[in-house]
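K.L.:
With the input below, show me the fold.
(3 chains)
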Amino acid sequence: MPLLDIVDLAATFVFAWSGAAQGVRRRLDLFGVLVVAWAAAVAGGIVRDLLIGAVPPAAIADGRYLAVATVAGLLGFAAAGWAGRFQTLVLLLDAAGLALFAVSGTQKALAAGLDPGMAAVLGTLTGVGGGVARDLLTLRVPVILRAELYAVAALAGAGVVALGHWWGVAPLLAQGVGAALCLGLRLGSIYGGWHLPRARR
Amino acid sequence: MPLLDIVDLAATFVFAWSGAAQGVRRRLDLFGVLVVAWAAAVAGGIVRDLLIGAVPPAAIADGRYLAVATVAGLLGFAAAGWAGRFQTLVLLLDAAGLALFAVSGTQKALAAGLDPGMAAVLGTLTGVGGGVARDLLTLRVPVILRAELYAVAALAGAGVVALGHWWGVAPLLAQGVGAALCLGLRLGSIYGGWHLPRARR
Amino acid sequence: MPLLDIVDLAATFVFAWSGAAQGVRRRLDLFGVLVVAWAAAVAGGIVRDLLIGAVPPAAIADGRYLAVATVAGLLGFAAAGWAGRFQTLVLLLDAAGLALFAVSGTQKALAAGLDPGMAAVLGTLTGVGGGVARDLLTLRVPVILRAELYAVAALAGAGVVALGHWWGVAPLLAQGVGAALCLGLRLGSIYGGWHLPRARR
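P.N.:
As a prediction, this is how the structure comes out:
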């Protein structure tokens, strides 16, 4: 299995888990939890594939995505009793999912022939799309607007991959650095309180 | 007119009516009511057509969809005074719309050459998409998360059509059984209180 | 630069500013403000391009859209201190953006070979899409449902352009009349209290 698919499926897994956890918190039944898990897991990739004209999108055409998301959703449902203890883990996995989807989304857009700037925008959309779908479906203000350094972290990671492509760096190296940068920014935001300025009123 | 079109337009009609009723409850003006009616009526089909690459989507390319949705929206607006009495009827029609869209969406996806598993997923999306659009637009938690046996009923109906195709059953029979199963699950949920387990906290 | 692009970019600018202003009101940080500005600026055009099969959409493929939206978003962020004084201006610019996008969206759909009725529907979607994305992202009831004569104004403007095409009127004239009609209806609603009937309960 190509590395890109492994990265994509790993991101699908952790995003689905985050969706399931949010569904459990909203007291949804089993299928409602799965619906939120699916939406979180596949929304970003579907938007990316629609925008580059790759239909049907991989998340629907390739059964592994729904299968991985279903397993993660069931695990998240079954693990609901211990969810309190896993909260930090879930937050970390969510940051990992953002980083992985941002770089894999950028790489897929580059492979589809888009120029680096557009590819970085599409990678960012791939990374943040799942969280937006999950939060709108459960009527929360999307994490992209609540959390510090969220979309900007995805854009930084996607930008590294796009710049690496532009400069002829090996894709694997660029993806590693990009994912690490995105993850580092999120961890700095979560643990270090890093943030951008707010507008004065 | 092919049977599939009749099923699709009937579902469009009842979903538009459900959107109009929700718009009236939110005290929207005439055009706001029509906007919610259109969104409820065409969202599912547009998502399905985008995902299978059928652009422009039938709901826009074929004027009958907007015409049927407009008539249903105007009726829902005009009938607002008696809406209380029609509430049960609307709930039943909504369940019928879910069942009809789930089977017609699956059949259209199969006709576009998708494999049965993907077709069932797309049929489910077609069925539930209208309710999600209607509820997000009016800032309610989507019925797919509120109601019991909603998406699972659509998936069951879509699955019957997909399995019937796989086994070579006559499409008309598979669609009839699928729609009846979906409708039966919703009715059992509405009147019988059927539901799936919730996660323990 | 063709006139159609100027109109489109001007609409992008004013919609992005309206998104930035809403982000500032919600106390978002700099990047959150930009996210809402981008969503407001490009959502309508992306939906239109997806529905006519023009992928990747101009708002992503053509860097000028994101650049213009970013400048408008930064201006909206920087101008936050004086936002109170500019509120009327922003409301007027928003109405102008609706009018400009409605006519440019219709014209683009006609250029893509759609018939006049579908083109008017797509123009209306282009005009109202940005406001819906902006408001859903920040969890407000979409302006299309809150404001008087919003979608109906966009449809009137789009309809003039579509009818002009049907009758062979010069596009520039039809666009000018359409935009003026849409803007006039919005101004009449804002200043004159024009509105459509509501349903009796």
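K.L.:
Can you get me a residue count around the residue nearest to A:Leu125 when sequence neighbours are not counted?
P.N.:
In space, A:Leu125 comes closest to A:Val47 once its chain neighbours are excluded; the distance is 5.7 Å by C-beta to C-beta, 6 or more residues apart in numbering or on different chains. For glycine as for every other residue, the C-beta is placed from the backbone atoms N, C-alpha and C. Using other C-beta atoms under 10 Å in any protein chain shown as the criterion, A:Val47 is surrounded by 23 other residues.
K.L.:
relative to helix B:30-51, how tilted is the helix or strand that contains A:Val47?
P.N.:
Assigned by DSSP states H and E, A:Val47 belongs to helix A:30-51. Comparing the axes of helix A:30-51 and helix B:30-51 via axes from the mean of the first three to the mean of the last three C-alpha atoms, to 10 degrees yields an angle of 80 degrees.
K.L.:
Pull helix A:30-51 out as CSV, backbone CA atoms only.
P.N.:
The C-alpha coordinates for helix A:30-51 follow below in CSV (Å, rounded to 0.1, in the frame of the first residue of the first chain):
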residue,chain,number,x,y,z
LEU,A,30,-25.3,4.4,17.7
PHE,A,31,-26.1,5.3,14.1
GLY,A,32,-26.1,9.1,14.9
VAL,A,33,-22.6,8.6,16.3
LEU,A,34,-21.5,6.8,13.1
VAL,A,35,-23.0,9.6,11.0
VAL,A,36,-20.9,12.2,12.7
ALA,A,37,-17.9,10.0,12.6
TRP,A,38,-18.3,9.5,8.8
ALA,A,39,-18.9,13.2,8.2
ALA,A,40,-15.8,14.1,10.1
ALA,A,41,-13.7,11.5,8.4
VAL,A,42,-14.7,12.0,4.7
ALA,A,43,-15.9,15.6,4.3
GLY,A,44,-12.4,17.2,3.7
GLY,A,45,-11.4,14.6,1.1
ILE,A,46,-14.7,14.8,-0.7
VAL,A,47,-14.5,18.6,-1.0
ARG,A,48,-11.0,18.3,-2.3
ASP,A,49,-11.9,15.6,-4.8
LEU,A,50,-15.0,17.6,-6.0
LEU,A,51,-12.8,20.8,-6.5
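K.L.:
just to revisit the earlier point, please list all residues in contact with the residue nearest to A:Leu125.
P.N.:
For A:Val47, the residues meeting the contact criterion (C-beta atoms under 8 Å, 6 or more residues apart in numbering or on different chains) are A:125-126, A:129.
K.L.:
give me the element A:Ala20 is part of.
P.N.:
Using DSSP H and E, A:Ala20 sits in helix A:3-25.
K.L.:
which ones are touching A:Leu34?
P.N.:
When the contact criterion is C-beta under 8 Å, 6+ apart, the partners of A:Leu34 are A:20, A:23, A:70, A:73-74, A:77.
K.L.:
Any stretches of chain A with poor pLDDT?
P.N.:
Chain A contains residues with pLDDT under 70 at A:81-90, A:199-201.
K.L.:
could you pull out the helices for it?
P.N.:
Along chain A, the segments classed as helices by DSSP state H run A:3-25, A:30-51, A:58-61, A:63-78, A:83-111, A:116-137, A:143-146, A:151-167, A:171-192.
K.L.:
would TSV of those helices with distance to C:Ala170 be doable?
P.N.:
Conversion of these to TSV gives the following (distance: least, C-beta to C-beta, whole Å):
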stretch	distance to C:Ala170
helix A:3-25	50
helix A:30-51	34
helix A:58-61	45
helix A:63-78	50
helix A:83-111	40
helix A:116-137	35
helix A:143-146	44
helix A:151-167	43
helix A:171-192	50
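K.L.:
With respect to B:Gly97, which of those lies nearest?
P.N.:
Ranking the helices of chain A by their distance to B:Gly97 (criterion: C-beta to C-beta) puts helix A:30-51 first, at 18.4 Å.
K.L.:
Check the offset of that closest one from the chain's centre.
P.N.:
Distance of helix A:30-51 from the chain centroid (C-alpha atoms, centre = their mean, to the nearest Å) equals 11 Å.
K.L.:
Can you check what angle separates it from helix A:116-137?
P.N.:
Here helix A:30-51 runs at an angle of 160 degrees relative to helix A:116-137 (the same axes, to 10 degrees).
K.L.:
Can you pull out the residues in contact with stretch A:166-178?
P.N.:
A:3, A:7, A:99, A:102-104, A:106-107, A:116, A:156-161, A:163-165.
K.L.:
In PyMOL, select just the buried ones from these.
P.N.:
Here is the PyMOL selection string for the buried members of the contacts of stretch A:166-178, based on 16 or more other C-beta atoms under 10 Å in any protein chain shown:
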select buried, chain A and resi 7+99+102+103+104+106+107+116+156+157+158+159+160+161+164+165
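K.L.:
Tell me the residues of chain A that contact chain B?
P.N.:
Remark: the part of chain A in contact with chain B comprises A:23-24, A:26-33, A:35-36, A:46, A:50, A:55-57, A:60-61, A:63, A:66, A:77-78, A:80-81, A:83, A:136-139, using C-beta under 8 Å from any C-beta of the partner chain.
K.L.:
Can you say which of the residues you listed are buried?
P.N.:
By 16+ other C-beta under 10 Å, those give A:23-24, A:26, A:28-33, A:35-36, A:46, A:50, A:55-57, A:60-61, A:66, A:77, A:80, A:83, A:136-138 as buried.
K.L.:
ok, and which of those reach chain C?
P.N.:
Among those, proximity to chain C is found for A:50, A:136 (C-beta under 8 Å from any C-beta).
K.L.:
Now A:Val143: closest residue in space, sequence neighbours ignored.
P.N.:
Beyond its immediate neighbours in the sequence, the residue positioned closest to A:Val143 (C-beta to C-beta, 6+ apart) is A:Gly131, lying 4.6 Å away.
K.L.:
Next up, the contacts around that neighbour.
P.N.:
With C-beta under 8 Å, 6+ apart as the criterion, the residues that contact A:Gly131 are A:15, A:18, A:40, A:94, A:98, A:142-144, A:150.
K.L.:
Could you do A:Leu74 as well?
P.N.:
Taking C-beta under 8 Å, 6+ apart as the test, what A:Leu74 contacts is A:20, A:34.
K.L.:
Distance of it relative to chain B?
P.N.:
With distances taken as C-beta to the nearest C-beta, to the nearest Å, A:Leu74 is found 11 Å from chain B.
K.L.:
Check A:Leu187 too.
P.N.:
Distance from A:Leu187 to chain B, counting by C-beta to the nearest C-beta: 28 Å.
K.L.:
measure the residue nearest to that residue when sequence neighbours are not counted to chain B for me?
P.N.:
With sequence-adjacent residues excluded and distances taken as C-beta to C-beta, 6+ apart, A:Leu187 is closest to A:Ala95, at 6.5 Å. Going from A:Ala95 to chain B by C-beta to the nearest C-beta gives 24 Å.
K.L.:
Then A:Val7?
P.N.:
A:Val7 sits 23 Å away from chain B, taking C-beta to the nearest C-beta as the criterion.
K.L.:
re the thing from before, can I assume the residue nearest to A:Leu187 is in contact with A:Leu181?
P.N.:
No: with contact defined as C-beta atoms under 8 Å, A:Ala95 does not count as touching A:Leu181 (11.9 Å).
K.L.:
dump the residue contacts of the spatially closest residue to A:Gly45 that is not a sequence neighbour.
P.N.:
Closest residue to A:Gly45 in three dimensions, ignoring its sequence neighbours and counting by C-beta to C-beta, 6+ apart: A:Ala59, at 4.5 Å. With contacts defined as C-beta under 8 Å, 6+ apart, A:Ala59 is in contact with A:12, A:41-42, A:45-46, A:49, A:65-66.
K.L.:
Report the buried members of these.
P.N.:
A:12, A:41-42, A:45-46, A:49, A:65-66.
K.L.:
Let me know the closest of these to chain C.
P.N.:
Relative to chain C, the closest of these is A:Asp49; by C-beta to the nearest C-beta it sits at 9.8 Å.
K.L.:
My guess is that closest one contacts A:Ala58. True?
P.N.:
Yes: shown here, A:Asp49 and A:Ala58 form a contact pair, counting by C-beta under 8 Å, at 6.1 Å.
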